[in-house]
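1. sequence plus predicted model, see below.
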Amino acid sequence: MKFISHSNNRAVYGLAAVFLFAATAVSFLAPGTASAAQVTSRSIQMSSSTQGATGTTYKVQFTVATTAVIQGIVVDFCDNSPLIGDATCTPPTGFSITATPAVSNITGLNPTTGWSAAQRNTNRTLTLTNGSAGSVNAATVVSFDLTTATNPTTNNHTFYARILTYTTAAGATTTYAPGSEGAFTDYGGVALSTGRVINITARVMESLAFCVYDAACGDDPSFTLGHGTNMILDTTAVDTDTASFSISTNAQSGAIVNIKGDTLKSGSNDIDAAGAAAVAFVAGTEKFGTRVSTSGTNITAAAPYNGAANNYGFDTASTTSTYGDLIATLSGPVNTSVSTLTYGATASNTTAAGIYTSAQQLIATGTF
Amino acid sequence: MAQQGLLWLRARAHVIFVAIVMVALLVGAGPFFASQALGAQITSRSLKPSDGRPGAHNVVYETSFSIPTTGTVGSIEILFCSNSALIEDVCAPPYGLDALNANLTTQSGPGGFVLSPTSGVNNLLLTRTPTNLNAGPASFTFDQIVNPTDAGSYYVKVFTYASADATGPSTDFGAMAFPIMEGYDVSAEVPPYLTFCTGVGITGFDCSTAQGDQIGLGELNSVTSNVAQSQALAATNAGSGYNIYVHGTTMTSGNNIIPAMLNATSQVGSSQFGINLRSNSNPDIGQDPTGGGTATPMPNYNLANRFRLVSGEAIASASGVQDYKKFTMSYLVNVSKDQPPGVYSTTLTYVCVANF
């Protein structure tokens, strides 16, 4: 075990030595000419980092280091190294600037028009030339968009670009080659990377929350219609009480609310239902019915439950049918729409004495 | 060598265990997802129960939806879940929901489906011979379903399959939500009432206008009849109606009496006293009952021109709830020539008894 440990240390030291040597060598090799300077604030902004994305725009930008004529610019994309002077420039897998690269939005050059974009090295190297261009001062920010790039097809992959400027167009189109760049003016390396596309998925379940209550969801909305100390129904008044319902749903086609139940009954006796059309209740004329007295958001009351105040409906032919009677419709998704039903009843002289009851229920059906 | 291998295995036992567990999970999860291909989403989907109360029995469920994909369909699976509407989630059956006795009662749309006997407690499987189905609406109604026991929101997943037994990948999928919640009671108490009043005269049907309790029949003689009338007003919500009774004797003066009549007609010159509740022409007195309700005079007091008086007899009755009805009691008295002189009088009491 001790022997192995020594061996590992030696390997580490060896690797470190190789790394330091390489770094030193690069620093000596990078400047191709005695007058060359490194462009600063250099960057290439990709419009998409998706691997293999076509038609991607690369915004190339750098600050000129040396005041000089610029008639040729080279941007060479390499998979292995950004170092100027490195004779090897491996094309990133799948990368291309296309056979007819396009460049636009040129700024900083003199002039900004008349520039020709071309490719070299099988669509790997962009040349931008203008044989009549003039001098550009140091510290000038040069920028242009390469709009025809196809990203490398490997995701999360780093690749590089080598940027060089020349005083002649031929410097870019003819002289330049990796490792033998010729007499370039300024230079600089840039690193780029593709990224992995992040697919975000969210699932929303169908929902339909429905609640019928008196004061708050969860309580019992049951009530007794009547007045006075003994809460009785007689001929002297139309007695009323309310129940509310709330509905929350993401059903895109909304929902319907049906009311199901019979009129007030006491054994074989009953209180006449208001019927299939809303009618005004008159104290002493036996009636029982309900109406949507407050419609919540997106709720529309259905006839005969859409009458004005004191106008009630209750169509027992429908309310006692299989699915009950439509009382309200919800037009679309809604977050907590609260509506109120007002029930009304009055007795006549001939309304048989008794305790009348009716089991009511509201049934909500969403259409998703 | 073998010992070194064993030591190597021991040193990496936890890594091997984790690897085995992960492989097992992947293999085990496979069957749950293998048959769920994400096809098109079923649209316009809804579930309408006939009863939304927890635990309700014999509930009818009508489910409607629109199938988006034209192609071979051999089965449709309708799955009820309490936990999720998402296709990839394992379905938890709603507690209490029971579709084992469900019947497919109606269907519209593609048609030809029957409910498979392999349907489960929360799973309705519709099957048919796999044939082409055009995209479009479909509706199915089932009965004899028991609602989930607890109130809340529940979910329904609908899958279509090319196979007749819901095997293989599903073609289309859709889900919906439906609520189960308690109903509520509306109640009202109508108290019993009986309104009854008598008087010499009553205006309209208002007991507050009843006036008078003394009737003077004048001086009796053997050549003319003496008549008078009073009125009674009654109403009740007693389910079995009411009876009005008359209590009292015929007219007397000390030991002398004027005999009470027993459905006799008026005989001028004969001593007789009686009443009825009709409009009479001989003599001209009284009027028929007026007002609502079905109350009528009892037969013995419902004969025009015939009079009667038997104490304790019902003179009118009603069999059900009654609106206000006004009766007019006609009084007839004749005397013979030998009727002893005197001041003849009687007190008649009318009693109305409601039968609740």
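-> Structure's in. What do you need?

2. how about the residues of the stretch 201-350 of chain B near chain A?
-> Selection of the stretch 201-350 of chain B residues close to chain A by CB under 8 Å from any CB of the partner chain yields B:235, B:237-239, B:292-293, B:320-324. Just so you know, the C-beta spots here come from the backbone N, C-alpha and C atoms, and that holds for glycine as well.

3. swap the cut-off to 6 Å and go again
-> Proximity of the stretch 201-350 of chain B to chain A (CB under 6 Å from any CB of the partner chain) is limited to residues B:235, B:237, B:239, B:321, B:323.

4. burial of the fourth one, as a residue count?
-> With neighbours defined by other CB atoms under 10 Å in any protein chain shown, the count for B:V321 comes to 24.

5. what's the neighbour count on B:Q211?
-> 11.

6. likewise A:A277?
-> 11.

7. show me the residues of the stretch 201-350 of chain B next to chain A that map onto strands.
-> Using DSSP state E, the members of those that fall in strands are B:235, B:323.

8. just the buried ones from the residues of the stretch 201-350 of chain B next to chain A?
-> Among these, those classed as buried by neighbour count (16 or more other CB atoms under 10 Å in any protein chain shown) are B:235, B:237, B:239, B:321, B:323.

9. how much space between the last one and A:T350?
-> Which is B:D323. Applying CB to CB, to the nearest Å, the value for B:D323 to A:T350 is 5 Å.

10. possible to save the buried ones among the residues of the stretch 201-350 of chain B next to chain A as CSV with distance to A:P91 and pLDDT?
-> Shown next, in CSV, are these (distance: CB to CB, whole Å; pLDDT from 0 to 100):
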residue, distance to A:P91, pLDDT
B:A235, 107, 96
B:N237, 101, 94
B:G239, 101, 90
B:V321, 102, 93
B:D323, 104, 94
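
11. between those residues, which sits nearest A:Y176?
-> Nearest to A:Y176 among these: B:N237, at 111.1 Å, using CB to CB.

12. which residues touch that closest one?
-> Residues in contact with B:N237 (CB atoms under 6 Å, 6 or more residues apart in numbering or on different chains) are A:351-353, B:193, B:321.

13. distance of A:Y166 from A:A317?
-> 93 Å.

14. out of the two, which sits in the more crowded spot?
-> The residue with more neighbours, out of A:Y166 and A:A317, is A:Y166; 27 against 10, by other CB under 10 Å.

15. for the more buried one, which non-adjacent residue is closest in space?
-> Nearest non-adjacent residue to A:Y166, counting by CB to CB, 6 or more residues apart in numbering or on different chains: A:G72, 3.7 Å away.

16. wait, B:S279 sits on B:Q287?
-> Yes. Counting by CB atoms under 6 Å, B:S279 touches B:Q287, with 4.7 Å between them.

17. mind telling me what element the nearest residue to A:R196 once chain neighbours are set aside is part of?
-> Closest residue in space to A:R196, ignoring its immediate chain neighbours: A:N155 at 4.4 Å, by CB to CB, 6+ apart. Using DSSP states H and E, A:N155 sits within no helix or strand.

18. what of A:N335?
-> Counting by DSSP H and E, A:N335 is found in strand A:334-346.

19. strands paired with that strand, and their directions?
-> Here strand A:334-346 is paired, per DSSP bridges, with strand A:239-249 (antiparallel), strand A:287-294 (antiparallel).

20. domain ranges for the chain, per the record?
-> Using chain A here. A:32-193, A:208-366 (automatic domain parsing).

21. hm, I was asking about chain B
-> Taking automatic domain parsing as the domain assignment, the ranges for chain B are B:37-180, B:194-354.

22. can you point out the buried residues in the strand holding A:N335?
-> A:334, A:337-339, A:341-346.

23. what do you get for stretch B:281-294?
-> By neighbour count on 16+ other CB under 10 Å, the buried set for stretch B:281-294 is B:283, B:285-286, B:289, B:291, B:293.

24. show me the contact partners of that stretch.
-> B:205, B:225, B:227, B:229, B:266, B:278-280, B:305, B:322-328, B:330.

25. quick one: end-to-end distance for it.
-> End-to-end distance of stretch B:281-294: 24 Å, with CA to CA, to the nearest Å as the criterion.

26. same question, stretch A:307-317
-> End-to-end distance for stretch A:307-317, by CA to CA: 19 Å.

27. kindly report the same for stretch B:340-352.
-> Terminal residues of stretch B:340-352 lie 35 Å apart, using CA to CA.

28. A:G171: what secondary structure?
-> Following DSSP: H, G, I helix; E, B strand; the rest coil, A:G171 is assigned to helix.

29. nearest residue to it in space, please, no chain neighbours.
-> Distances taken as CB to CB, 6+ apart put A:G72 closest to A:G171, at 4.7 Å, once the chain neighbours are dropped.

30. bridge partners for that neighbour, pull those for me.
-> Assigned bridge partners for A:G72, using DSSP bridges, are A:T129, A:Y166.

31. tell me where the chain is predicted with low confidence.
-> Reading this off chain A. Filtered on pLDDT under 70, chain A yields the residue ranges A:1-35.

32. wrong one, chain B
-> Applying pLDDT under 70 to chain B picks out residues B:1-38.

33. please repeat the previous calculation with a cut-off of 80.
-> Residues of chain B that meet the criterion pLDDT under 80 lie in B:1-39.

34. sorry, back to before: dump the residue contacts of the residue nearest to A:R196.
-> A:51, A:194, A:196.

35. for PyMOL, write the select line for the buried members of those residues.
-> Applied in PyMOL, the following selects the buried portion of these according to 16+ other CB under 10 Å:
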select buried, chain A and resi 51+194
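
36. from the contacts of A:N155, which single one is nearest chain B?
-> A:R196 (22.5 Å; CB to the nearest CB).

37. and the closest one, what are its phi and psi?
-> phi -90, psi 130 (degrees, to the nearest 10).

38. I'd say it and A:N156 touch.
-> Yes. If you go by CB under 6 Å, A:R196 and A:N156 touch, sitting 5.3 Å apart.

39. now the end-to-end length of stretch B:206-224.
-> In stretch B:206-224, first residue to last residue: 34 Å (CA to CA).

40. and which of the buried residues of strand A:334-346 is nearest to B:N122?
-> Of all these, B:N122 sits closest to A:V334, with 28.7 Å by CB to CB.

41. is the closest one in a bridge, and if so with what?
-> Using DSSP bridges, the bridge partners assigned to A:V334 are A:T249.

42. do B:S108 as well
-> Beta bridges link B:S108 to B:S139 when assigned by DSSP bridges.

43. B:T195 too?
-> Beta-bridge partners of B:T195, as defined by DSSP bridges: B:A235.

44. how about the residues of the stretch 51-200 of chain B near chain A?
-> By the rule CB under 6 Å from any CB, the part of the stretch 51-200 of chain B lying against chain A is B:52, B:60, B:85-86, B:153, B:175-177, B:179, B:183-192.

45. all set, thanks.
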